[in-house]
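Chemist: take a look and give me a structure for this.
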Amino acid sequence: MTTELLLRFVAQLLHVLSAVVWVGGMFFAYMVLRPAAATILESPMRLRLWSGTFSRFFPWVWGAVVVLLVTGFWMMFSWFGGWHAPPYVQMMLGLGIVMMFIYFHAYFAPYRRLRRAVEKQDWPSGGRALAQIRWIVGVNLLIGIVVIALGAGGRFF
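Modeler: So this is what the prediction gives:
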């Protein structure tokens with residue numbers, strides 16, 4: 001295997017693994033953990049659970065964002081002709097950046113409010129912050145599924 005092929009393999013592997021961590025984590029949180037926590041836990045425990053869950057998940061998302069940007073731009077400019085990349089690559093880039101800005105908002109606004117509310121045991125404020133995060137994660141999950149579909153099949157269109 002040549003060095004170039006090895007670099008391509010590593011870049012694509014890291015890119016896909018980062019997307020799996022981020023989008024898969026959102027799928028698990030939204031489709032599995034959220035309904036279970038809502039039916040089993042009272043509000044204070046549910047808010048503590050989510051605050052703790054996000055405090056462990058969000059560092060992984062930060063890492064995924066960095067890896068996705070680095071590997072995505074590297075692949076775009078080394079394989080796809082840079083800004084003249086095929087439309088599906090450009091759509092993946094655009095939607096990925098939208099997802100990142102949505103994530104930044106979730107992290108710096110409602111997640112901070114959730115953490116503060118849990119620290120102060122202000123359960124109504126925590127509930128409102130969690131509802132915002134839930135909506136944001138739902139939107140980002142849908143966008144992420146579209147990005148994955150583009151990555152998996154965009155070259156066929």
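Chemist: ok, now how distant is the residue nearest to residue 9 when sequence neighbours are not counted from residue 7?
Modeler: Nearest non-adjacent residue to residue 9, counting by C-beta to C-beta, 6 or more residues apart in numbering: residue 1, 7.7 Å away. Every residue, glycine included, has its C-beta placed from N, CA and C. As judged by C-beta to C-beta, to the nearest Å, residue 1 and residue 7 stand 10 Å apart.
Chemist: do residue 89 as well
Modeler: 18 Å.
Chemist: who's more crowded, these two?
Modeler: residue 89 (20 against 13; other C-beta atoms under 10 Å).
Chemist: tell me the helix or strand right after the helix or strand harbouring that one.
Modeler: Using DSSP states H and E, residue 89 maps to helix 87-108. Along the chain past helix 87-108, the next helix or strand (assigned with DSSP H and E) turns out to be helix 110-120.
Chemist: which strands or helices does that following helix pack on?
Modeler: helix 43-79, helix 123-153 (3 or more C-beta pairs under 8 Å, 6 or more residues apart in numbering; DSSP states H and E).
Chemist: show me the one of the ones you listed that comes nearest residue 95.
Modeler: With C-beta to C-beta as the criterion, residue 95 lies closest to helix 123-153 of those, at 5.0 Å.
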